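Asks: 3D model of this:
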Amino acid sequence: MDGVNGAELLRFVEMIARDKGIEKSEVLAAIEQAMIVALRKRVENPDTLVVSVDPNNGKITARETDLDGNTFDVKLDDMGRIAAQTFKQIFVQKNREAERDNIFEKYIGLKREIRSGTIQRMEGPNYLVNLGDAECFFPRKEQVPTESYQVGERVRGLILDVRKQGQKVKIILSRTHPEFVKKLFDLEVPEVAERIIEIKAIVREPGFRSKVAVASYDPKVDAVGACVGVRGSRIKGIIDELNNEKIDIIRWNESAEILITNALKPARVDSITLDYDNRRARVVVPDDQLSLSIGKRGQNVRLAARLCKWDLDIVTVTQEQDWRKRTLEKFQLIPLVDDLLAESLFNSGFDSFQDILAAGPEALMKVPGITIDIAAQIIQHCTENPEPPEEITDVVHADGAQRRSDNTFVEPGQEVEEEEAPADGEQKAPAKPAGPVDPFSRAAEYAAQAPVRESLESGGAGKTS
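Replies: Numbers count the residues shown, from 1 in each chain. Modelled structure (predicted):
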């Protein structure tokens, strides 16, 4: 192309590639595409137009093929003002697209990784953070409510999401996501990074408290002790990064009873009754442990329920004894049922007349001391005197169970899968309604299967405050 210095063009290409962080070949391709668009109105057969830039000397050549198949050069010495402006616009656009694609490819690989940057400016309650080669969005909902940030301040967070948005790449930074705490453990605890210790579940109330369930795959390595470190040396770095957010390290266990017991620490648990159908657990604690099990503003029991994926009902020993006494008195009114037989019924899992009717005579006869005649008498009495089960008053409840659309529950340590959006014109099938909540009504199954109740093992929990 006459009037264009090849060496100057190559220096310009190298400068653009270096400043924008894109390949030299992509800049040359952008010049070729922009030139084709600029010359389309100056040739007779624009669809056959081919422009190439020699990467060695910077020479630009344009060729056109006529209808007879003859190829000839297109003069580039005088493009005109409009063509030059078109070339500039297309060239800038192509470079921006290449820069966007490169940034997207880089940061999509860094998704759910920790990166630090400088707060550049504020946009209302949101911040824009400069990561060096890209700008990320730090929205209000991803900011810890107890933290404040200033322009020019360094901030470290989790790359939560990366997506293309027009000519830019939108990168979302988060300091509230539980994965942020998990990545901090990867940095501070070598056993976690080496997968000797696995973080099974994390729940947070950002800025206030986190509960982390850990398990060790090496019997010689104590999961809780390794995460805490000698005199708390390892956990201290994580707490400092989270601005003194409290972290409870929980020993993981596949048994729901033991996991719930560990999750409620430092409170002591007296007993646990599980209702698997409704994913609900009644946790009995000593009277003096009630406030400790609930925690400040219900924080301890709320986080424990979310960690274990069970709805938890916290009751005291006194409340449990009162409920048991009232239930036994009701059973003792049944003909042929004495105090000992009432205790046997209760200990077999029956806690109301409704349970007895649902179980039927076969399940009743598996209870020690109950014959076919006594079972018939019990069922007749329950049928003639339908009474609701006794209720425990002043129960502290925390929601934790999560039900999927197919009515199955999310297991502890799992997250709810993201449901696919319905196609255009397609209506999403409504989820089946959950059955009525009838806590602790598995008496029939307990009696039929006669399970051996697993004793609560001692599972330690590390607590840092």
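Asks: pLDDT at A34, what is it?
Replies: With respect to pLDDT, A34 has a value of 80.
Asks: residue contacts, it?
Replies: Residues near A34 by Cβ atoms under 8 Å, 6 or more residues apart in numbering: 86-91, 94. In short, each C-beta sits where N, CA and C put it, glycine included.
Asks: Helices - which of these land there?
Replies: 86-91, 94 (DSSP state H).
Asks: got CSV for those, with distance to G225 too?
Replies: Listed next are the ones in helices among the contacts of A34 as CSV, based on distance: Cβ to Cβ, whole Å:
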residue, distance to G225
T86, 68
F87, 66
K88, 64
Q89, 63
I90, 62
F91, 61
K94, 57
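Asks: From these, keep the buried residues only.
Replies: Of the members of these, the ones counted as buried by neighbours, 16 or more other Cβ atoms under 10 Å, are 86-87, 90-91, 94.
Asks: Is the residue of the chain most remote from its centre in a helix, a strand, or coil?
Replies: Distance from the C-alpha centroid of the chain peaks at D68, with 63.8 Å (Cα atoms, centre = their mean). Secondary structure state of D68, per DSSP: H, G, I helix; E, B strand; the rest coil, is coil.
Asks: re earlier: export the contacts of A34 to a markdown table and tack on distance to H397 and pLDDT?
Replies: A markdown table is the format used below for these (distance: Cβ to Cβ, whole Å; pLDDT from 0 to 100):
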| residue | distance to H397 | pLDDT |
| --- | --- | --- |
| T86 | 67 | 76 |
| F87 | 68 | 75 |
| K88 | 66 | 73 |
| Q89 | 62 | 78 |
| I90 | 63 | 76 |
| F91 | 64 | 76 |
| K94 | 59 | 76 |
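Asks: Return the closest of those with respect to L10.
Replies: F91 (15.2 Å; Cβ to Cβ).
Asks: correct me, but that closest one touches A30?
Replies: Yes. The criterion here is Cβ atoms under 8 Å, and F91 meets it with A30 at 5.5 Å.
Asks: Where does the prediction get shaky in the stretch 51-200 of the chain?
Replies: 76-80 (pLDDT under 70).
Asks: hey, where'd the strands end up in it?
Replies: Secondary structure of the stretch 51-200 of the chain, counting by DSSP state E, counting those that start in this stretch: strands at 60-65, 71-73, 114-123, 126-130, 135-138, 154-165, 168-174, 197-205.
Asks: Which among those strands is found nearest to A263?
Replies: Here strand 197-205 is closest among the strands of the stretch 51-200 of the chain (Cβ to Cβ), at 9.2 Å.
Asks: Work out the gap between that closest one and the centre of the chain.
Replies: 10 Å (Cα atoms, centre = their mean, to the nearest Å).
Asks: Give the partner strands of the helix or strand that it is followed by in its sheet and their orientations.
Replies: Going down the chain from strand 197-205, the next helix or strand is strand 209-216, by DSSP states H and E. According to DSSP bridges, strand 209-216 forms sheet pairs with strand 197-205 (antiparallel), strand 246-251 (parallel).
Asks: who touches strand 209-216?
Replies: Residues contacting strand 209-216 (Cβ under 8 Å, 6+ apart): 178, 181, 185, 191-192, 196-204, 222-224, 226-227, 242, 245-252, 259, 262-263, 295, 299-300, 303-304, 307, 412-413.
Asks: Heading C-terminal from it, find the next helix or strand.
Replies: According to DSSP H and E, the helix or strand after strand 209-216 is helix 223-228.
Asks: what angle do the very next helix or strand once past that following helix and strand 246-251 make?
Replies: Using DSSP H and E, the next helix or strand after helix 223-228 towards the C-terminus is helix 233-241. With axes from the mean of the first three to the mean of the last three Cα atoms, to 10 degrees applied, the angle from helix 233-241 to strand 246-251 works out at 140 degrees.
Asks: got the contact list for the closest residue to D351 other than its chain neighbours?
Replies: The shortest distance from D351 to any non-neighbouring residue, by Cβ to Cβ, 6 or more residues apart in numbering, is to T327 (5.5 Å). Applying Cβ under 8 Å, 6+ apart to T327 gives the contacts 346, 351-352, 389-390.
Asks: Swap in 10 Å and give it another go.
Replies: 342, 345-346, 350-352, 389-390 (Cβ atoms under 10 Å, 6 or more residues apart in numbering).
Asks: Dump those residues into JSON lines; add distance to N56 as well.
Replies: Shown next, in JSON lines, are the contacts of T327 (distance: Cβ to Cβ, whole Å):
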{"residue": "A342", "distance to N56": "98"}
{"residue": "L345", "distance to N56": "94"}
{"residue": "F346", "distance to N56": "92"}
{"residue": "F350", "distance to N56": "90"}
{"residue": "D351", "distance to N56": "88"}
{"residue": "S352", "distance to N56": "89"}
{"residue": "P389", "distance to N56": "88"}
{"residue": "E390", "distance to N56": "91"}
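Asks: In those, find the pair that's most separated.
Replies: Every pair of those checked by Cβ to Cβ; the farthest is A342 and P389, at 14.8 Å.
Asks: that older thread, turn the strands of the stretch 51-200 of the chain into JSON lines, columns for distance to A376.
Replies: Shown next, in JSON lines, are the strands of the stretch 51-200 of the chain (distance: least, Cβ to Cβ, whole Å):
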{"stretch": "strand 60-65", "distance to A376": "100"}
{"stretch": "strand 71-73", "distance to A376": "103"}
{"stretch": "strand 114-123", "distance to A376": "68"}
{"stretch": "strand 126-130", "distance to A376": "71"}
{"stretch": "strand 135-138", "distance to A376": "70"}
{"stretch": "strand 154-165", "distance to A376": "63"}
{"stretch": "strand 168-174", "distance to A376": "63"}
{"stretch": "strand 197-205", "distance to A376": "48"}
